[in-house]
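Student: Need coordinates for the following:
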Amino acid sequence: MECQKNKNLKTCPCTYPNCPRKGICCECVKYHLKNKELPGCCFSKEAEKTYDRSFEMFIKDKKLK
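Tutor: Alright, predicted model coming up:
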């Protein structure tokens, strides 16, 4: 499968400056799961900006909606 980085960049919600995985979804998911986290695209815009990618933040974020 060919990487769709340029296409993914158009919709990637990650606001982390200089993220080396931005737009490379497979690497992003692998990185965050390895660290017991979720990628920024799983969170609301407000929660994503906190850079807290924990499962606890995910649950808290979803309860707020």
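
Student: just for this protein, where's the confidence low?
Tutor: In the predicted model, the chain carries pLDDT under 70 at residues 65.

Student: tell me the centre residue of it?
Tutor: residue 40 (2.1 Å; Cα atoms, centre = their mean).

Student: Now do the contacts for that one.
Tutor: Residues in contact with residue 40 (Cβ atoms under 8 Å, 6 or more residues apart in numbering) are 13, 14, 15, 16, 48, 53. Heads up, the C-betas are built off the backbone N, CA and C, glycines and all.

Student: Look up how far residue 17 lies from the fifth one.
Tutor: In this structure, residue 48 and residue 17 are separated by 13 Å, where distance is defined by Cβ to Cβ, to the nearest Å.

Student: ok, these two, which is more surrounded?
Tutor: Neighbour totals were compared for residue 48 and residue 17, and residue 48 leads with 20 against 6 (other Cβ atoms under 10 Å).

Student: ok, and the closest non-adjacent residue to that one?
Tutor: Leaving aside its sequence neighbours, residue 48 sits nearest to residue 40 (Cβ to Cβ, 6 or more residues apart in numbering; 4.5 Å).

Student: Could you do residue 45 as well?
Tutor: That would be residue 13: by Cβ to Cβ, 6+ apart, it lies 6.7 Å from residue 45.

Student: would that neighbour count as being in a helix?
Tutor: No. Counting by DSSP: H, G, I helix; E, B strand; the rest coil, residue 13 falls outside a helix, being coil.

Student: quick one: contacts for it?
Tutor: Going by Cβ under 8 Å, 6+ apart, the list of residues near residue 13 reads 40, 41, 43, 45, 48.

Student: Mind checking which of those residues are in helices?
Tutor: Under the assignment DSSP state H, the contacts of residue 13 contribute 45, 48 to helices.

Student: now, which of the contacts of residue 13 sits nearest residue 25?
Tutor: Using Cβ to Cβ, residue 41 comes nearest to residue 25 of the contacts of residue 13, at 7.9 Å.

Student: Tell me the spacing between the nearest residue to the closest one once chain neighbours are set aside and residue 1.
Tutor: Nearest residue to residue 41 in three dimensions, chain neighbours excluded: residue 13, at 5.4 Å (Cβ to Cβ, 6+ apart). For residue 13, the distance to residue 1 (Cβ to Cβ) stands at 22 Å.
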